[in-house]
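Visitor: this one's sequence-less:
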């Protein structure tokens, strides 16, 4: 226990101090780290639905979009410029505090998750995947076209001039000076996202060990047997969709504040596929594996930008850098699946899937 506490303390110090050194090299690298943490938050949410409850959701990016647009509308001048009645109520704009944003994003996304779960309760496997995929695309198209006859989302042009977060009186949108040392804006966002990730890991761990978590895993292994044991599979599935969606909603709000701009292009099908790949490649249902998978797949495309450029120059431009980068990502994913088919860090196998003891192997 003491060794584990020391390891956690050292890891915490490293994670807190790391961006201060990295920002001296370039803020772009800290930005990659911050975005990777956002994807960890998304992967943790999807892991509840896919890893714990066994419900294949290919439309998870819809909850990401709901959270992002919620904050963009509440923290930008768009509504005041569009609706006179709103401008009369909030002449200086509606600057939503972060302590209100997090529960609002979580609650709105949870409602969207339950609304998705209600019509798909009896679907499984491929059918569930197709319906959830359609839900994700519907939300994206909805955001893209909600400009006429009433302009709410500003359509494909997106929403800009979104307020940065203010935490304890410190605005994260500009650098902050501590004892003569300047902390970059992106570093402060990194710390905020890190705090949310740590809190989310604790919540997911407690859920996994709770009666609810065990009920989800029973549904994942055999839904008919779980129902026969008295588990209310309907409510448990809805709870999984709602709980998983809360993480997506909070992540979307963080993304909108961090970027200062949102548009439907940020919530495409490929984003959903990437989040699912993070959970699968990391190890479904296992928190350390999901975190590693999310960090790897979120950071890898950005890091490979620095590899694809020189390779393109070495071939005198005969290779397209963006295509080469996608090829390298695909090759890395194939290699992981071949070498580690159950993920980089899978959970221990139980029940029928568990390996037989050495003494019983031959019997």
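Guide: In hand now; what should we look at? Please read these numbers as outputs of a predicted model, since none were measured by experiment. Residues are numbered from 1 along each chain as shown.

Visitor: make it CA atoms for all contacts and neighbour counts henceforth
Guide: Fine.

Visitor: for the stretch 251-363 of the chain, what are the low-confidence residue spans?
Guide: Along the stretch 251-363 of the chain, the model assigns pLDDT under 70 to residues 349-363.

Visitor: for this protein, what's the longest helix?
Guide: With DSSP state H setting the assignment, residue counts place helix 233-259 as the longest helix in the chain.

Visitor: just checking, what packs against that helix?
Guide: helix 27-46, helix 61-74, helix 98-117, helix 185-209, helix 211-221, helix 223-228 (3 or more CA pairs under 8 Å, 6 or more residues apart in numbering; DSSP states H and E).

Visitor: next one: the last one to chain centre, how far?
Guide: What that stands for is helix 223-228. When distances are taken as CA atoms, centre = their mean, to the nearest Å, helix 223-228 is centred 30 Å away from the chain's centroid.

Visitor: So the residue most central in space within the chain versus residue 35, what's the distance?
Guide: In the chain, the residue lying closest to the centroid (CA atoms, centre = their mean) is residue 42, at 1.4 Å. Residue 42 sits at a distance of 11 Å from residue 35 (criterion: CA to CA, to the nearest Å).

Visitor: Need the residues that contact stretch 166-184.
Guide: Identification of contacts with stretch 166-184 by CA atoms under 8 Å, 6 or more residues apart in numbering yields 20, 23, 27, 97-98, 164-165, 185-186, 188-189.

Visitor: Start and end of that stretch, how far apart?
Guide: End to end - CA to CA - stretch 166-184 spans 14 Å.

Visitor: Which positions within that stretch qualify as buried?
Guide: Going by neighbour count (16 or more other CA atoms under 10 Å), the buried part of stretch 166-184 is 172-173, 176, 183-184.

Visitor: just stretch 94-107 next, same as before
Guide: For stretch 94-107, burial by neighbour count (16+ other CA under 10 Å) applies to 94-96, 98, 101-102, 104-107.

Visitor: Can you tell me the closest non-neighbouring residue to residue 257?
Guide: residue 164 (5.0 Å; CA to CA, 6 or more residues apart in numbering).

Visitor: Tell me who's in contact with the one you found.
Guide: 171-173, 257-258, 260.

Visitor: still on that earlier bit, to the chain's geometric centre, what's the distance from the longest helix of the chain?
Guide: 9 Å.

Visitor: Mind jotting down where the helices sit in the stretch 251-363 of the chain?
Guide: For the stretch 251-363 of the chain, the helices defined by DSSP state H, counting those that start in this stretch cover 269-282, 287-303, 305-314, 321-339.

Visitor: got the ones you listed as CSV, with mean neighbour count columns?
Guide: Formatted as CSV, the helices of the stretch 251-363 of the chain follow (neighbours: other CA atoms under 10 Å):
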stretch, mean neighbour count
helix 269-282, 23
helix 287-303, 21
helix 305-314, 15
helix 321-339, 14
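
Visitor: Is it possible to get JSON lines of those that adds distance to residue 112?
Guide: Formatted as JSON lines, the helices of the stretch 251-363 of the chain follow (distance: least, CA to CA, whole Å):
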{"stretch": "helix 269-282", "distance to residue 112": "16"}
{"stretch": "helix 287-303", "distance to residue 112": "24"}
{"stretch": "helix 305-314", "distance to residue 112": "35"}
{"stretch": "helix 321-339", "distance to residue 112": "31"}
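
Visitor: tell me the contacts of residue 101?
Guide: 71, 250, 253.
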